Structure formats: structure tokens, C-alpha cells
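1. Predicted model and sequence follow; I will ask about them next.
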Amino acid sequence: MDIITTFLISYGYWGMLIAAFVAGSFFPFSSEAVMVGLMAAGLDPIGLIVYGTIGNVLGSCFNYGVGRMGRLEWIEKYLHVKKESIDKATRFMGGRGAWMGFFAFLPILGSGITIALGLMRANIVISLVSISIGKLLRYVLLIYGASIFI
């Protein structure tokens, strides 16, 4: 993970976007480590928030698209996202629909939420807005918290 993080940090804002995309999709990765590393390296926090949010939302859109395909057996087999995770995300959402995309920033459960939104064919515009708000707030809080210590 350290080698990958160092590689992404060397690409600056584009590395942030890639890291955030990977973390926003179903792959287990931490974009937060890259963001804090880039901030410590002197990159503009606002730029990091923008690129991080865009990448993370695009990763969630990828998950939504995978869910929209509606092949649960493919999701389990190829993406290694367990049916239990999707069921847990669906129960968490409790029929509230697309606005629950706000909670897509949550670790582990977030990927399940975005895949479940696709499976449920939730309104794409509302899903995109709610996912974007949640991801943006997460990165704003991360930058704010990191700025105290850097």
C-alpha cells in the first residue's frame, strides 16, 4: 500500500483523482492517506477536495452502473462484494431510496449502498446529488482535521 500511495502522491492532483476513484468503487483502498500525504507535500487543500470528490463520486457512479446491470451473481463472483453486504446496505437504506446515497462515504457499507442504489434503479440525479454531498463533506472534514496536525 505504501508503494501505491507514494506513486499516487507523485502524480499530484491526478493521483488524488485516481486514488479517490479506486476508493469510491468496490476496491478496498484508502484515498484519505493519499489526500493527507498530498496535503503534507504542499498541494492546495481546495484542489485536493475538488479532485478527491470528483474521483470518489465517479467511483460510486461505477458501482451504481454495476448494480444497475442487475446481475447479483456477477457482483458476488467478480467483484467479491458479498450479498450480505448489499443486503445490509439495503436494510440500512430502509426504502428511503436515492437520498441514502449521502451515506456512500461510509467505509465498507458505502460500496454496498451505491451498488444497491443501482440494483434498485434509484433516481440517478438524486443519487448523484446525495452521493456528492456526502463525499464532499467527508473530504472537507478530513482536510480540516488534517490541517490541525500538519
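-> That came through fine.
2. contacting residues for A89?
-> For A89, the contacting residues are L109, G112, I113, I115, A116, taking Cβ atoms under 8 Å, 6 or more residues apart in numbering as the criterion. In this view, the C-beta of every residue, glycine as well, is placed from N, C-alpha and C.
3. Pick the one among those closest to V50.
-> Sorting the contacts of A89 by how near they are to V50, with Cβ to Cβ, puts I113 at the top with 22.8 Å.
4. Nearest residue to the closest one in space, ignoring adjacent ones along the chain?
-> If the residues on either side of it in the chain are set aside, I113 comes closest to A89, at 4.5 Å by Cβ to Cβ, 6 or more residues apart in numbering.
5. Now do the SS call for that neighbour.
-> State at A89, reduced to three classes by DSSP: H, G, I helix; E, B strand; the rest coil: helix.
6. If I look at the spatially most central residue of the chain, what pLDDT would I see?
-> Most central in the chain under Cα atoms, centre = their mean is G24, positioned 2.4 Å from the mean C-alpha point. Note for G24: predicted pLDDT of 89.
7. my guess is it contacts K135, does it?
-> Yes - counting by Cβ atoms under 8 Å, G24 touches K135, with 7.2 Å between them.
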